[in-house]
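Colleague: sharing a model that was predicted from the sequence below.
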Amino acid sequence: MLDARPAGTEQFLHAKAASMPQFSHIRVDRVSHSFGDRPVLSDLSLAVGTSERLGLIGENGAGKSTLLSIMAGVIEPLDGRVTRPDRTGILWQEVRHSGDSTIEDVIDTALADVRAIERELAEAGEAITGDPGTEERYSQALEQAERADLWRTDARVAETIAGLALDHIPTSRRLDELSGGQRSRFALAALLIERPTALLLDEPTNHLDDASVDFLRGTLRAWNGPVAFASHDRAFLDEVATSLLDIDPARAGVTRFGGGYSDYLLAKAAERARWEQQFAEEGSELARLERAVATTAREINHDRPIRDGNKMAFGMRGDRVEQQISRRVQNAQARLDFLEETRVAEPAPALTFAGIPKGSHVLDTEEPLITVEGAVVPDRLTLDDFRVGPNEYTLITGANGSGKSTMLWMLAGRLGPQHGTVRRQRGVRTALLEQDVRFADPSLSAARVYEGTLGERRAETVPLATLGLLGARDLDRPVGQLSIGQQRRLALALIIAKPPHVFLLDEPTNHLSLALATELEEALGGYPGAVIVASHDRWLRRRWASAVVALENGRVVA
């Protein structure tokens, strides 16, 4: 492997810079695609330039992964075309090698293109010394070498492996000896080592700790080529994306926003304000037109008595009055009909909680609702002393396997400790929003599950359709046919409709759209009870202003 640029490389690059072509971009022209009779993308166009990092956002199932696969050439669209750099790489969720391959095999495969570029540069360099006519070949080889960061390859491999916290694993290890998270990180490492011109990434921060996310953020921000990625990691979107593409079927297309996620939220808030203002103004205009249609005749014809000497004149004038009345009423009615047909839809209400039932003595107490003393779940959690106040907000943090979910299950009463005690005040209700939702009878519709869980009276008081968590077409679908995200929305609806005194949430932003996750966090700020959240979400953690409990190896460390 070359460890330094050939002599004269810098001067040659400067001399050729004006004539060398710019790095390629990705362009999608009027692409449409569907799976069976279900359309996913419709007449979509976009471009990602050399220095751009486009973040793809949207509801689960909106088509983000499909779009990335189309951009990579993995899926051929039904209509439209895509142009991309020759060396375009896409992140697969698993390393595409057999289980008996070693880590060293993975790295060697990832470096195959870079080593081919190295060989071509060496051969072109030898050719140009004997034949000046091969200068263009050397120019192109040198350009490819620059793009691939050829002279830092060995250092870059080491930095990537260490940056993704994989350097403690011997390269002789086989892939089938690694955990799923480790294999996913090696898939990402292999792609970064390969150094393609364009990068396409689907949920790249999955399975990464904070330090690894920091490494990936720095790598992508320095990437010399187009980058497009789909992510539910709001902090990552805010730090990496130069623009966001919102794939929203409700808009009948896509909307592009400049900047990161913070800029997106500001733009969405302004859009919401304009929407609410337009709805209010159109409502006022509708009311005015309705009054005009009803009262125009009375305002024009005052029913004044006819004087004897003016009967003939009044007859002629009366016809004109009737005509004026008719025209004004018709005009007002036409404007009314048009506005009723074209009026913008009413903005959906923000996510709120229906309220804890009145008269509950629990909410009036200052004593802890739940008290944990010396509780031990062997090999999973040791909780010496923990108390949940009536209106306390607590965030539980820690790495995977640190005991976060076990702690929530214990507080919810679903898991008893082998030693120690967990006491609840009489009448205290708890509810847990789990990571993995399961419904007892997957054949029941969402509406039936909602009514059966809450009871007919509560379901009528707080209709499922009014919560805005499931689309109208999904209310009567069997819950077993709903996506993971939709099932979690239904589970959230069951809690929102009858809020508990202690609300426990396990990774609440998983499987939720970015908009809903943000809305849920804002709603939790006004929750009328105790809230305990376990999360690794950096966006949520950075904005948490209440108590934090950090777990490590099943014990509280802070």
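Modeller: Good, I have the coordinates.

Colleague: quick one: low-confidence parts of the protein?
Modeller: In the predicted model of the chain, residues 1-23, 93-94, 130, 132, 249-253, 296-325, 354-363 satisfy pLDDT under 70.

Colleague: so it: which segments form each domain?
Modeller: 9-259, 276-342, 361-441+482-556 (automatic domain parsing).

Colleague: D476 belongs to a strand?
Modeller: No: assessed with DSSP: H, G, I helix; E, B strand; the rest coil, D476 is coil; it does not lie in a strand.

Colleague: burial count for it?
Modeller: Neighbour count for D476, taken as other CB atoms under 10 Å: 10. Placement of C-beta: from N, CA and C, glycine included.

Colleague: for it, grab phi and psi.
Modeller: Dihedral angles of D476 (phi, psi; degrees, to the nearest 10) stand at phi -100, psi 10.

Colleague: so which bits of stretch 415-428 are buried?
Modeller: L415, P417, G420, V422, R424, Q425, V428 (16 or more other CB atoms under 10 Å).

Colleague: what about those, which are in helices?
Modeller: Among those, DSSP state H puts none in helices.

Colleague: now for whichever strand or helix holds V254, which elements pack on it?
Modeller: Using DSSP states H and E, V254 maps to strand 253-258. Secondary-structure packing of strand 253-258 (3 or more CB pairs under 8 Å, 6 or more residues apart in numbering; DSSP states H and E): strand 38-48, strand 243-248, helix 261-300.

Colleague: format the ones you listed as JSON lines; extra columns: mean neighbour count and distance to V254.
Modeller: Shown next, in JSON lines, are the helices and strands packed on strand 253-258 (neighbours: other CB atoms under 10 Å; distance: least, CB to CB, whole Å):
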{"stretch": "strand 38-48", "mean neighbour count": "17", "distance to V254": "6"}
{"stretch": "strand 243-248", "mean neighbour count": "20", "distance to V254": "5"}
{"stretch": "helix 261-300", "mean neighbour count": "14", "distance to V254": "13"}
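
Colleague: now these as a markdown table including distance to G480?
Modeller: Below are the helices and strands packed on strand 253-258 laid out as a markdown table (distance: least, CB to CB, whole Å):
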| stretch | distance to G480 |
| --- | --- |
| strand 38-48 | 18 |
| strand 243-248 | 26 |
| helix 261-300 | 33 |
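
Colleague: of all those, which one is nearest D214?
Modeller: helix 261-300 (17.0 Å; CB to CB).

Colleague: quick one: that closest one to strand 253-258, angle?
Modeller: Going by axes from the mean of the first three to the mean of the last three CA atoms, to 10 degrees, helix 261-300 is angled at 120 degrees with respect to strand 253-258.

Colleague: tell me which residues in whichever strand or helix holds E460 are buried?
Modeller: Using DSSP H and E, E460 falls within helix 456-461. Within helix 456-461, the residues that count as buried by 16+ other CB under 10 Å are A459.

Colleague: how about stretch 402-418?
Modeller: Quick answer for stretch 402-418 (16+ other CB under 10 Å): 402-412, 415, 417.

Colleague: likewise for stretch 369-378?
Modeller: Residues of stretch 369-378 classed as buried: L369, I370, V372, A375, V377 (neighbour count, 16+ other CB under 10 Å).

Colleague: what's downstream of the helix or strand hosting L142, the next helix or strand?
Modeller: Element membership for L142, per DSSP H and E: helix 135-147. Remark: after helix 135-147, the chain's next helix or strand is helix 153-163, criterion DSSP H and E.

Colleague: just checking, what packs against that next one?
Modeller: Looks like helix 153-163 contacts helix 180-194, helix 210-221 (3+ CB pairs under 8 Å, 6+ apart).

Colleague: rerun at 10 Å
Modeller: Judged by 3 or more CB pairs under 10 Å, 6 or more residues apart in numbering; DSSP states H and E, the packing partners of helix 153-163 are helix 103-110, helix 112-130, helix 180-194, helix 210-221.

Colleague: relative orientation of it and helix 210-221 in degrees?
Modeller: Using the same axes, to 10 degrees: helix 153-163 against helix 210-221 is 140 degrees.

Colleague: that older thread, which of the buried residues of stretch 402-418 sit farthest apart?
Modeller: Across those (CB to CB), the longest gap, 17.9 Å, separates S402 and A412.

Colleague: return the alpha-carbon coordinates of the strand holding V254 using PDB.
Modeller: Output in PDB follows, covering the C-alpha atoms of strand 253-258 (Å, rounded to 0.1, in the frame of the first residue of the first chain):
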ATOM      1  CA  GLY A 253     -45.300  14.100  -2.500                       C
ATOM      2  CA  VAL A 254     -42.100  15.300  -0.700                       C
ATOM      3  CA  THR A 255     -41.000  18.500   0.800                       C
ATOM      4  CA  ARG A 256     -37.400  19.600   1.200                       C
ATOM      5  CA  PHE A 257     -36.200  21.600   4.200                       C
ATOM      6  CA  GLY A 258     -32.800  23.300   4.400                       C
END
